[in-house]
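Peer 1: based on what follows, work out the 3D shape:
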Amino acid sequence: MGTDEERKGWGTARVSGDSMRPTYRPGDLLLIRYRARPRVGRAAVVRLPDRGLAVKRVTRREPEGWWVERDNPAAGVDSWLVGAIPDRDVVAVVVGRIWPIFRR
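Peer 2: Below you'll find the predicted structure:
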């Protein structure tokens, strides 16, 4: 079935890498909602082909799935490299950052 978090619908994700800078930085802890529908402009946790889970910005809906992009064009992988992400590979939507609470 899945993890307890997935069954409850809420969970957390820890950011690694620089692809979502400046919005999210490595080490940021995010509150996520499983089984929620992605919305354009919001971030989501997606399963990238042959690369695993990643946080990306949802930019549009395509016939093949969701087009997702990185906030930092100098780092990471997004739909420009792997194409649209099918619905089954959108794991969760990001509700917000919960740690650190404040950033300098």
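
Peer 1: what pairs with residue 44 across the strands?
Peer 2: residue 56, residue 93 (DSSP bridges).

Peer 1: typed the wrong thing, it's residue 30
Peer 2: Beta bridges link residue 30 to residue 13, residue 97, judged by DSSP bridges.

Peer 1: with residue 68 instead?
Peer 2: Counting by DSSP bridges, residue 68 is bridged to residue 58.

Peer 1: quick one: pLDDT of it?
Peer 2: Looking at residue 68, its pLDDT stands at 98.

Peer 1: if I look at it, how far off is residue 103?
Peer 2: Distance from residue 68 to residue 103, counting by C-beta to C-beta, to the nearest Å: 23 Å. Backbone N, C-alpha and C define where each C-beta goes, glycine included.

Peer 1: out of those two, which sits in the more crowded spot?
Peer 2: Shown here are residue 68 and residue 103; by other C-beta atoms under 10 Å, residue 68 has more neighbours (26 against 8).
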